[in-house]
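>>> A predicted structure for the sequence below; I have some questions about it.
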Amino acid sequence: MSDKIESFLCQTFDEVRTETCLHDVPPHEVHEVIVDDTRAILKFDTGPTGRAGIEGAVMALLDERTSVPVPTILATDEDYYVARWHPDAPAPDTDPTASETWAGATGACLAQLHTETEGLIDQYGQFVLDDDRLIVDGHDRWQSAMIAYITDRRPVLARFGHEDMADAAIATLEAQTIDESSIGPPVCCHGWATPEHVSVVDGSVACLIDFEHTLAAPPAYDLWRTVIPAFAATGRQAEQEAFFEGYQAVRSLPDDFRDARPVFDILNLVYYFESLYVQEQYDRKGTERRADGLRSALTDTLEALSESKQD
């Protein structure tokens, strides 16, 4: 057991041991551990963009205040959490298929998450810890929260020569006229509800994990954060529609929510830019190739949104 892992676990538990490393991709590591004879998961930050402590605090809130199926948190601090092992949690580092059954169940679960957290959150923005208390570093307007989201990611983009993309995204969002009354209230959004983070058993979500991308945002943010990687990237149109149908069976959506997608695409593409450099999963040429693709996609999205505003 490394000194770092031991320092996390021994703050709370008397008897500890590690079993295996389940996941090691910056900015986090995940380990199976035994704490006081209880099988558990330890997740901790390995880089400055890690948010394991916030993730643990959000799951603890959901476990206490909602019926959303999440692992029970045993301990959490600024840069780690320990959760009780959940037998139905998605297996680590797998790539399950987003079937229509999975899609419908996941849509319904996100609608449940949004409905049950609507009254718990009163602003848009990032969740943060304030003296171990979970709060939203918030904004009354979603437009302001979107600009702050990109501003927070600008330093990583600037480090690798893409600050112009962050600046262009901010300028485009600042120029938009957004009807705040039509986008929906702030809710707890999961932020990455794809098959590797959502397990479905007998047609219902059995466990929802990995809240590292969570955000207090309008519900549509969560929908497009799911649709793009789970369905749109692979052309799964039937599954995408099953996802929307599952959601709307529990919670209604604005009639024009699809028209708002470009705004959410901007946030997603900026996130993908940051993730490309934080996770360091490709060689130099592979990273450059993907960065060029992201620049092109983001430029096209910004131009299309600017043109639609002029129309």
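Cool, got the structure.

>>> Buried residues in stretch 167-182, which are they?
The neighbour-count check on stretch 167-182 (16 or more other CB atoms under 10 Å) flags Ala168, Ala169, Ile170, Thr172, Leu173 as buried. C-beta: built from backbone N, CA, C; applies to glycine.

>>> Turn the residues you listed into CSV, including distance to Val227.
Output for the buried residues of stretch 167-182, formatted as CSV (distance: CB to CB, whole Å):
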residue, distance to Val227
Ala168, 24
Ala169, 20
Ile170, 24
Thr172, 21
Leu173, 20
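
>>> which ones among the residues you listed are found in helices?
Ala168, Ala169, Ile170, Thr172, Leu173 (DSSP state H).

>>> related to what we said a few turns ago, relative to Leu157, which of the buried residues of stretch 167-182 is nearest.
Ala169 (9.5 Å; CB to CB).

>>> who touches that closest one in this structure?
Ile150, Ile266, Leu269, Val270, Leu298, Leu302 (CB atoms under 8 Å, 6 or more residues apart in numbering).

>>> Give me the below-cutoff pLDDT ranges for this structure.
1, 92-95, 309-311 (pLDDT under 70).

>>> domains of the chain?
3-84, 100-310 (automatic domain parsing).

>>> Look at the first one and report the distance between its end residues.
Taking CA to CA, to the nearest Å, domain 3-84 runs 22 Å from one end to the other.

>>> Stretch 63-78 too?
Start and end residues of stretch 63-78 are separated by 19 Å (CA to CA).

>>> hang on, the earlier thing: got the domains of the chain as CSV, with distance to Ala91 columns?
CSV is the format used below for these (distance: least, CB to CB, whole Å):
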stretch, distance to Ala91
domain 3-84, 9
domain 100-310, 8
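
>>> Which one, of these, ends up nearest to Pro90?
domain 100-310 (4.6 Å).

>>> Check the offset of that closest one from the chain's centre.
Here the centre of domain 100-310 is set off from its chain's centre by 7 Å, with CA atoms, centre = their mean, to the nearest Å.

>>> Same question for stretch 13-22.
26 Å.

>>> can you count the residues close to the closest residue to Leu9 other than its chain neighbours?
Distances taken as CB to CB, 6 or more residues apart in numbering place Val16 nearest to Leu9, at 4.0 Å, with adjacent residues excluded. Neighbourhood size, Val16 [other CB atoms under 10 Å]: 19.

>>> same check, this time on Lys43
25.

>>> all strands for the chain, in order.
All strands of the chain, identified by DSSP state E, fall at 16-25, 28-35, 38-45, 73-77, 80-84, 124-130, 133-139, 187-189, 198-201, 204-208, 215-217.

>>> what helices or strands is the second one leaning on?
It stands for strand 28-35. Strand 28-35 sits against helix 3-9, strand 16-25, strand 38-45, with contacts defined as 3 or more CB pairs under 8 Å, 6 or more residues apart in numbering; DSSP states H and E.

>>> what's the last one packed up against?
Using 3+ CB pairs under 8 Å, 6+ apart as the contact criterion, the neighbours of strand 38-45 among helices and strands are helix 3-9, strand 28-35, helix 52-65, strand 80-84.

>>> Contacts made by stretch 111-121 with the rest, please.
So stretch 111-121 is contacted by 61-62, 65-68, 136, 185-190, 208, 216, 219, 222, 246-251 (CB under 8 Å, 6+ apart).

>>> which of these count as buried?
Buried among those (16+ other CB under 10 Å): 61-62, 66, 68, 136, 185-190, 208, 216, 219, 222, 246-247, 251.

>>> Distance to Pro90 added to the strands of the chain, as TSV?
As requested, the strands of the chain are exported to TSV (distance: least, CB to CB, whole Å):
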stretch	distance to Pro90
strand 16-25	11
strand 28-35	12
strand 38-45	12
strand 73-77	18
strand 80-84	13
strand 124-130	22
strand 133-139	24
strand 187-189	19
strand 198-201	5
strand 204-208	7
strand 215-217	21
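
>>> Counting neighbours, what do you get for Gly161?
9.

>>> Roughly how far does the nearest residue to Ala89 once chain neighbours are set aside sit from Phe8?
Once flanking residues are discounted, Ala89 sits nearest to Cys207: 4.6 Å by CB to CB, 6+ apart. Cys207 sits 23 Å away from Phe8, going by CB to CB, to the nearest Å.

>>> Also Trp224?
For Trp224, the distance to Phe8 - CB to CB - is 34 Å.

>>> between those two, which one's more packed in?
When Trp224 and Phe8 are compared for neighbours, Phe8 comes out ahead with 23 against 19, by other CB under 10 Å.

>>> Quick check: beta-bridge partners of Glu32?
Following DSSP bridges, Glu32 is listed with bridge partners Thr20, Ile41.
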